[in-house]
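> Fold the stuff below for me.
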Amino acid sequence: MTLDFGHWAYIFRMALTPSTMLPLGTTAPDFKLPDTDGKIISLADFKSQAALAVIFMCNHCPYVVHIRAGLAQLARDYAPRGVGFAGINSNDAKNCPADSPARMKDEVNNAGYTFPYLYDETQAVAKAYRAACTPDIFLFDRGRRLVYRGQFDASRPGNGISVTGKDLRNALEAVLAGKPTSEMQVASIGCNIKWKAGNAPAYS
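Purely as a prediction, here's the structure:
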């Protein structure tokens, strides 16, 4: 077996950052952001959905790349059951060209995402959600109260655990059944959001 040491060196150079674990019960902050076709998508566009998952993500982060096929499948599994999904890229495209809006469109096609992938150019939405890493996952119930925030599952690049989306799936099943989600929630971890110069929030 050939080991790609350059790949792992890149991963370890990333500033590993955990989710801030926004308090459960927080109301979903509003957003109005363009998707990869330039269409403005807002929180109100999901008003008929039984639940809404907001995922702060990007194109190049190894932790997002690691789960992207599983995330795409999970969205396909739950969209017919009334769950809305919104991916949001808040990275500074000037310093991270791989996360530019043009590259986002390619990522949607390559990953097979069926949900809107939005660009948060000002990074104001990331701040409103206290998003810190990619991926950073927030699940809201029908009343748009936060019921889950944390990891997709326990899989990480190189740890040998299969990507299943178990943690998010369990939370979704609870919400759709009208049951409370477990309060034992594990923070997501990944690359830090790439803030614009002078724009990093105090919690980062």
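> Would you double-check that residue 52 falls in a helix?
No. Counting by DSSP: H, G, I helix; E, B strand; the rest coil, one finds residue 52 to be strand, located in no helix.
> quick one: the strands in the chain?
Assigned by DSSP state E, the strands in the chain fall at 16-18, 32-34, 40-42, 51-56, 83-89, 117-119, 133-134, 136-140, 146-150, 189-192.
> need those in CSV with mean pLDDT, mean neighbour count and distance to residue 159, can you?
Every residue, glycine included, has its C-beta placed from N, CA and C. Putting the strands of the chain into CSV (pLDDT from 0 to 100; neighbours: other Cβ atoms under 10 Å; distance: least, Cβ to Cβ, whole Å) gives the following:
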stretch, mean pLDDT, mean neighbour count, distance to residue 159
strand 16-18, 92, 16, 13
strand 32-34, 98, 17, 32
strand 40-42, 98, 14, 34
strand 51-56, 98, 25, 21
strand 83-89, 98, 24, 24
strand 117-119, 98, 23, 26
strand 133-134, 98, 28, 17
strand 136-140, 98, 25, 18
strand 146-150, 98, 23, 17
strand 189-192, 96, 22, 11
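> would you turn those into JSON lines with distance to residue 106?
Listed next are these as JSON lines, based on distance: least, Cβ to Cβ, whole Å:
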{"stretch": "strand 16-18", "distance to residue 106": "25"}
{"stretch": "strand 32-34", "distance to residue 106": "16"}
{"stretch": "strand 40-42", "distance to residue 106": "19"}
{"stretch": "strand 51-56", "distance to residue 106": "18"}
{"stretch": "strand 83-89", "distance to residue 106": "12"}
{"stretch": "strand 117-119", "distance to residue 106": "11"}
{"stretch": "strand 133-134", "distance to residue 106": "17"}
{"stretch": "strand 136-140", "distance to residue 106": "22"}
{"stretch": "strand 146-150", "distance to residue 106": "28"}
{"stretch": "strand 189-192", "distance to residue 106": "19"}
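> Out of those, which gets nearest to residue 203?
strand 16-18 (10.3 Å; Cβ to Cβ).
> Who does the closest one pair with, and is each partner parallel or antiparallel?
If you go by DSSP bridges, strand 16-18 pairs up with strand 189-192 (antiparallel).
> Distance from the partner strand to the middle of the chain?
11 Å (Cα atoms, centre = their mean, to the nearest Å).
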